[in-house]
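Engineer: Quick one, what's the 3D model for this:
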Amino acid sequence: MKKLFVIGTACMLTCTVVKAQLFDRIKNKMEQKANDAIDKTIDNAGKKKDKKKSGESSPESTDNGSTGTTTTTNGESSAGVAIGPNVDITSYSKFDFVPGAKIIIDEDFSQEAIGDFPAQWNTRTGAEVVTVNNRPGKWLSIKQDGVFYPEYLTSNFPDNFTLQVDLMANNGIANIGQLTISLLQAKNADEKFDYGKETSTSSIPNFKASFNPKSSGDGDMYYSSNVIGNHNISATPEFNVPKKNAVRVSIWRQKQRIRVYLDSTKTLDLPRALDANAVLNSLVFATYAPDYGKEGGTFFISNIRLAVGAPDTRNKLITEGKFVTHGILFDVNSDKIQAASYGSLQDIANVLKENAGVRVKIVGHTDANGDDQLNQDLSKRRAAAVKESLSKSFGIDASRMDTDGKGKTQPIDDNNTAAGRANNRRVEFIKL
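Structural biologist: Reported below is the predicted structural model:
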């Protein structure tokens, strides 16, 4: 039986373990059809020689359609593994995830050389950046036990933040192979390595999600004190090798509360997952025995986005007159809205429904990459697509919405950093 294990530890005192079993079925046939095509390509993952020297930036795909690592104008990597082609936005109708207000990590490894370990990450084992056949972008390929984390995260996380990670495993992943995503408090590198590899930790504030995509065990994997619950969750999108090799993990912390989503489904909603005063400052990935066996198992991670600050749509729009979102996502070089945008669109739609007299202007923005005129045109088309979606899918009167696009002309962050460019790729709602 395939399992997802989640652990939340409260402020030096408690250790909690939550386990969820995922059943062997996908609820949406369209998603399954798209994922079938995706899964067949993952076992072909491998290294390709980078034409650039080690340490030089790889070319990014910009809004004018140039080649390279593909990142959409509104900041969501087109390598998002959970969203295949032709997935209608209404298939995410229960997806209430809304990303944080300011992006502080937007890691797709696009600046890393193929075959190298990321320059600003740390490990004591090994991993390398690769490409995979028929999948865009670059991925960190992990084939052995280890702990891996970005060193450039140096500040405490606030009480409200969101984390999104695209996660894959090839068909050779071992039955006992496990990948753990840890959000924890650590004072130094040694604590990140020590606490990051443990599936349960009682001595520090932490929250962990552990994935066994090919687990065959029938019994309980582990127990700890102060168990929150033992949840058997059915009818959810799965991470279930070999039937479904890829999943988008979304984690949303609001003070004590933590929600976990797999693709479009809210898998866990824990109101007391953390102590009210718990401070987290580290993001750590750890793997256990992916290659245990003869087939050569591998985990892949990419498109890691950490955003801080609680969305405050109502206050920002109604009181301050403007609301900015990075959660409305588009296909690469396109005005087609991705299904994972549902939560952000629903959020703004609810505010407009509650304030029937309010009119807004929807404005699209890009980063500084690419041709100015093409970016300008694309930003306008994307703003128009948002208006159409709000009208057709959420029932907002089209006469209440104007649209415009500013291209790269109004940056709000530094275009020389990945996180800065991601913050500049945005949609704004301005009260008229």
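Engineer: All the helices of this protein, residue numbers only.
Structural biologist: 29-42, 189-196, 313-314, 342-354, 372-392, 418-424 (DSSP state H).
Engineer: Format the ones you listed as CSV; extra columns: mean neighbour count.
Structural biologist: Where C-beta positions appear, they are placed from N, C-alpha and C, glycine not excepted. As requested, those are exported to CSV (neighbours: other Cβ atoms under 10 Å):
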stretch, mean neighbour count
helix 29-42, 17
helix 189-196, 18
helix 313-314, 18
helix 342-354, 19
helix 372-392, 19
helix 418-424, 22
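Engineer: can you tell which of those is closest to residue 262?
Structural biologist: With Cβ to Cβ, the closest approach to residue 262 among these belongs to helix 29-42: 11.6 Å.
Engineer: which residues sit in contact with residue 351?
Structural biologist: Residues counted as contacts of residue 351 (Cβ atoms under 8 Å, 6 or more residues apart in numbering) are 313, 314, 317, 318, 323, 358.
Engineer: Revised request: answer the last question for residue 251.
Structural biologist: By Cβ under 8 Å, 6+ apart, the contact list for residue 251 reads 162, 163, 164, 181, 183, 207, 209, 258, 259, 260, 261.
Engineer: between the helices of the chain, which one is nearest to residue 99?
Structural biologist: Relative to residue 99, the nearest member of the helices of the chain by Cβ to Cβ is helix 342-354, separated by 7.2 Å.
Engineer: Tell me what angle that closest one forms with helix 372-392.
Structural biologist: Per axes from the mean of the first three to the mean of the last three Cα atoms, to 10 degrees, the angle that helix 342-354 makes with helix 372-392 is 60 degrees.
Engineer: pull the CA atoms of helix 342-354 into CSV?
Structural biologist: Provided in CSV are the C-alpha atoms of helix 342-354 (Å, rounded to 0.1, in the frame of the first residue of the first chain):
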residue,chain,number,x,y,z
TYR,A,342,-8.1,27.8,-9.1
GLY,A,343,-7.5,28.7,-5.4
SER,A,344,-6.1,32.1,-6.2
LEU,A,345,-8.9,32.9,-8.7
GLN,A,346,-11.5,31.7,-6.2
ASP,A,347,-10.0,33.9,-3.6
ILE,A,348,-10.3,37.1,-5.6
ALA,A,349,-13.7,36.0,-6.9
ASN,A,350,-15.1,35.7,-3.4
VAL,A,351,-14.0,39.2,-2.5
LEU,A,352,-15.6,40.6,-5.7
LYS,A,353,-18.8,38.7,-4.9
GLU,A,354,-18.9,40.1,-1.3
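Engineer: chain center to it, what's the gap?
Structural biologist: Its chain's C-alpha centre and that of helix 342-354 lie 21 Å apart, by Cα atoms, centre = their mean, to the nearest Å.
Engineer: residue ranges for the strands of the stretch 151-300 of the chain, please.
Structural biologist: All strands of the stretch 151-300 of the chain, identified by DSSP state E, counting those that start in this stretch, fall at 160-169, 178-184, 206-212, 229-233, 246-254, 257-262, 265-270, 282-288, 299-308.
Engineer: what's the least confident stretch among the ones you listed?
Structural biologist: Here the lowest mean pLDDT among those goes to strand 229-233, at a mean of 33.
Engineer: gap between the two ends of stretch 105-125?
Structural biologist: 23 Å (Cα to Cα, to the nearest Å).
Engineer: circling back: for residue 281, which of the helices of the chain is the nearest?
Structural biologist: Comparing the helices of the chain under Cβ to Cβ, the one sitting nearest is helix 189-196, at 9.8 Å.
Engineer: which secondary structure elements does the closest one contact?
Structural biologist: Judged by 3 or more Cβ pairs under 8 Å, 6 or more residues apart in numbering; DSSP states H and E, the packing partners of helix 189-196 are strand 146-150, strand 178-184, strand 282-288.
Engineer: Can you add distance to residue 332 and mean neighbour count and give the ones you listed back as CSV?
Structural biologist: CSV is the format used below for the helices and strands packed on helix 189-196 (distance: least, Cβ to Cβ, whole Å; neighbours: other Cβ atoms under 10 Å):
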stretch, distance to residue 332, mean neighbour count
strand 146-150, 24, 21
strand 178-184, 26, 24
strand 282-288, 26, 23
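Engineer: Quick check: which of these is nearest to residue 338?
Structural biologist: Nearest to residue 338, of all those, is strand 178-184, at 22.0 Å by Cβ to Cβ.
Engineer: Quick check: neighbours of that closest one in the sheet, parallel or antiparallel?
Structural biologist: strand 206-212 (antiparallel), strand 282-288 (antiparallel) (DSSP bridges).
Engineer: so which of those strands gets nearest residue 393?
Structural biologist: Comparing those against residue 393 with Cβ to Cβ, the closest turns out to be strand 206-212 (30.2 Å).
Engineer: Using PDB, write down the CA coordinates of that closest one.
Structural biologist: Only the C-alpha atoms of strand 206-212 are listed here, as PDB (Å, rounded to 0.1, in the frame of the first residue of the first chain):
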ATOM      1  CA  ASN A 206       9.500  20.800  12.800                       C
ATOM      2  CA  PHE A 207       7.000  19.500  10.300                       C
ATOM      3  CA  LYS A 208       7.800  16.600   7.900                       C
ATOM      4  CA  ALA A 209       6.200  15.000   5.000                       C
ATOM      5  CA  SER A 210       7.600  11.600   4.000                       C
ATOM      6  CA  PHE A 211       6.800   9.800   0.800                       C
ATOM      7  CA  ASN A 212       7.100   6.100   0.100                       C
END
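Engineer: tell me the angle that strand makes with strand 160-169.
Structural biologist: Going by the same axes, to 10 degrees, strand 206-212 is angled at 20 degrees with respect to strand 160-169.
Engineer: what is the orientation angle of strand 206-212 with strand 257-262?
Structural biologist: 20 degrees.
Engineer: what separates stretch 327-340 from the chain centre, distance-wise?
Structural biologist: That offset, for stretch 327-340, works out to 14 Å (Cα atoms, centre = their mean).
Engineer: avg pLDDT for that stretch?
Structural biologist: 87.
Engineer: Dump it to PDB, keeping only the CA atoms.
Structural biologist: Taking Å, rounded to 0.1, in the frame of the first residue of the first chain, the C-alpha atoms of stretch 327-340 are listed here in PDB:
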ATOM      1  CA  GLY A 327      -0.700  32.400  -7.800                       C
ATOM      2  CA  ILE A 328      -2.400  32.700 -11.200                       C
ATOM      3  CA  LEU A 329      -0.300  30.500 -13.400                       C
ATOM      4  CA  PHE A 330       0.000  30.200 -17.200                       C
ATOM      5  CA  ASP A 331       1.400  27.700 -19.700                       C
ATOM      6  CA  VAL A 332       4.700  28.700 -21.000                       C
ATOM      7  CA  ASN A 333       4.600  31.500 -23.600                       C
ATOM      8  CA  SER A 334       0.800  31.300 -23.500                       C
ATOM      9  CA  ASP A 335      -2.300  33.000 -22.000                       C
ATOM     10  CA  LYS A 336      -3.800  29.600 -21.100                       C
ATOM     11  CA  ILE A 337      -4.400  29.600 -17.300                       C
ATOM     12  CA  GLN A 338      -3.200  26.500 -15.500                       C
ATOM     13  CA  ALA A 339      -5.600  24.500 -13.400                       C
ATOM     14  CA  ALA A 340      -3.600  25.000 -10.200                       C
END
